[in-house]
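[1] Make a model of this:
(one chain, ligands or ions: 2)
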Amino acid sequence: MKKVLIADGLQKNAVEQLKDLGIEVIERHFEQEELGEALKEFDAVVIRSASKINKAVLDKELGGKLKLIIRGGVGVDNIDVDYAVKNGIIVKNTPNASSVSVAELAIAHIFALARFINISNVTMRDGKWNKKKYVGTEITGKTLGVVGLGRIGRETAKRAAALGMKVIYFDFIGEIPGVSEYEYYKLDELLAKSDFISLHVPYDAKQGSLIGKEEFAKMKEGAYIINCARGKVVDEAALLEALNSGKVAGAGIDVFEQEPTQNLELVSHPKVSVTPHIGASTNEAQEKIGEEVVNIIKEFFNL
Ligand SMILES: NC(=O)C1=CN([C@@H]2O[C@H](COP(=O)(O)OP(=O)(O)OC[C@H]3O[C@@H](n4cnc5c(N)ncnc54)[C@H](O)[C@@H]3O)[C@@H](O)[C@H]2O)C=CC1
Ligand SMILES: O=C(O)CCC(=O)C(=O)O
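    Ligands and ions are numbered 1, 2, ... in the order given. As a prediction, this is how the structure comes out:
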C-alpha cells in the first residue's frame, strides 16, 4: 500500500480519490525540523508553499521511502530540486491549474490601486469620507508592461487587453514566436514605457531581485507595480523608497520577501494593496490542482 503525506492541504475530492485508489493518505503539517524524519515513511509528499523541502530536510530523509515530491502549485523554489533528483526523488508540479486565478488577482490589484479601493477600505472604517482625495485613473488606454509572458503573464495580458489597456512585454527568452498582439521591449524600455508593470517570473536566487533601486529609477514617474510572482523578485526596501518618493504611485503585492511578512511598513503603506499570497487560492484553481495531483500520483505509481 502506497503512503502519501499531504503536508499543506489538498482539496477534499482529491484526497477522497487518492483513498479510493487504495492509498493511505495522511493529512498533517510538520514543522520544518520534523519534516525530513517524517518523510522517511512516505512514498510521496504533496506540498504547497508552507513546507520547504531543502537539502537539510532531504538529508534527514535519506534511506527512507520517498520517491515523489509534488508541489501543488507552480513555483518549486521551496524545493531543492537538483538535490532531490540527485537522490532519486522525482519532483513534479501542477503548472497550468492556477494561471487564470493569479491573472485575475493581478488585475484586481490594478483596479484596487487605480481607484483607491485598497485605502478606501481602510479609511472608511475610521469614518473618513475622502471623496475629493481619491481621484483615480482609468486603466483604459494605459500601458501595461508584463514581465514574463508565460502562462500567467499571458492570461494577465489577455484580460488587460480586453479592458482596453495597451500591453507590452519583456521576457528573458526574447521576442516570443507567434506572439504578435503585444509588442516586445527590453526590460529597461518596458520600465520606461509602462504605466502599470505586472511581474510574472520565477525568482532566481542566483540573479537576486529583478526589480531594485536601478529599475525603479528607470520607471515612469507615478508608475504602478504589481507583484503576484515571488516576493524576492522585488527589493522591498527599494520599493518602499520608490513609494515614499512618489516615483511609484502604487504597488499591488501578493508575495513577500519573507512569508508570513513582518514588513508592516510596506503592508500598511497607503499606496499599497496587499493580499497574503492567495494568487492560487480559489476553489477553481485548487480543484484543478487536486485533479492534477491525483493524475500525477496515478501515473507515477501505475495505479
Ligand atoms: N501568487 C501566487 O499565488 C502564484 C505565483 N506564481 C508565480 O508566478 C510565476 C510564473 O508562473 P507561470 O506563468 O506559470 O510560469 P511560466 O514558466 O509559464 O512563465 C514564466 C515566464 O517568465 C520568463 N522568465 C523567467 N525568468 C525571467 C526573468 N528573469 N526575466 C524575464 N522573464 C523571465 C520565462 O521565459 C517564462 O516565459 C511562478 O514562477 C511563481 O513564482 C505562480 C502561481 C501562483
Ligand atoms: O500554494 C500556494 O498557495 C502558492 C501558490 C504559488 O505561489 C505557486 O503555485 O507557485
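
[2] need the contact list for Ala56.
    For Ala56, the contact set (CB atoms under 8 Å, 6 or more residues apart in numbering) comprises Gly36. For the C-beta atoms, the positions are set from N, CA and C on the backbone; glycine is no exception.

[3] can you rerun that using 10 Å?
    By CB atoms under 10 Å, 6 or more residues apart in numbering, the residues touching Ala56 are Gln32, Glu33, Leu35, Gly36, Asp80, Tyr83.

[4] element containing the last one, please.
    Just to be clear, that refers to Tyr83. Element membership for Tyr83, per DSSP states H and E: helix 81-86.

[5] Could I get the buried residue list for that helix?
    Residues Val81, Tyr83, Ala84 are the ones in helix 81-86 that count as buried (16 or more other CB atoms under 10 Å).

[6] and the contacts of Ala56 as CSV, adding distance to ligand 1 and pLDDT?
    As requested, the contacts of Ala56 are arranged in CSV below (distance: CB to the nearest ligand atom, whole Å; pLDDT from 0 to 100):
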residue, distance to ligand 1, pLDDT
Gln32, 20, 94
Glu33, 26, 95
Leu35, 21, 98
Gly36, 24, 98
Asp80, 16, 97
Tyr83, 19, 98
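
[7] Nearest to Asp195 among those?
    Lowest distance from Asp195 to these (CB to CB) belongs to Asp80, with 38.8 Å.

[8] if I read this right, the closest one contacts Glu61, doesn't it?
    No: counting by CB atoms under 10 Å, Asp80 does not reach Glu61; the two are 11.5 Å apart.

[9] Give me the residues contacting the helix holding Tyr83.
    53-59, 61, 66, 68-69, 71, 76, 80, 89-91, 93.

[10] Only whichever of those residues are buried, select them in ChimeraX.
    Applying 16+ other CB under 10 Å to these, the buried members can be selected in ChimeraX as follows:
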select :53,54,57,58,61,66,68,69,71,76,80,89,91,93
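
[11] per-residue confidence for the residue in the stretch 151-300 of the chain that ligand 1 sits nearest to?
    Using CB to the nearest ligand atom, Gly279 is the residue of the stretch 151-300 of the chain that sits closest to ligand 1, at 2.5 Å. Note for Gly279: predicted pLDDT of 98.

[12] Any residue of the helix holding Tyr83 touching ligand 2?
    No: Helix 81-86 lies apart from ligand 2 when judged by CB under 6 Å from any ligand atom; the minimum separation is 13.5 Å.

[13] How far away from the center of its chain is that helix?
    Averaging C-alpha positions (CA atoms, centre = their mean, to the nearest Å) puts helix 81-86 22 Å from its chain's average.

[14] CA atoms of it as CSV?
    What follows is helix 81-86 as a C-alpha-only set of coordinates in CSV (Å, rounded to 0.1, in the frame of the first residue of the first chain):
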residue,chain,number,x,y,z
VAL,A,81,15.0,20.1,-7.0
ASP,A,82,18.6,19.3,-8.0
TYR,A,83,19.4,17.7,-4.7
ALA,A,84,16.1,15.7,-4.7
VAL,A,85,16.8,14.4,-8.3
LYS,A,86,20.4,13.6,-7.4
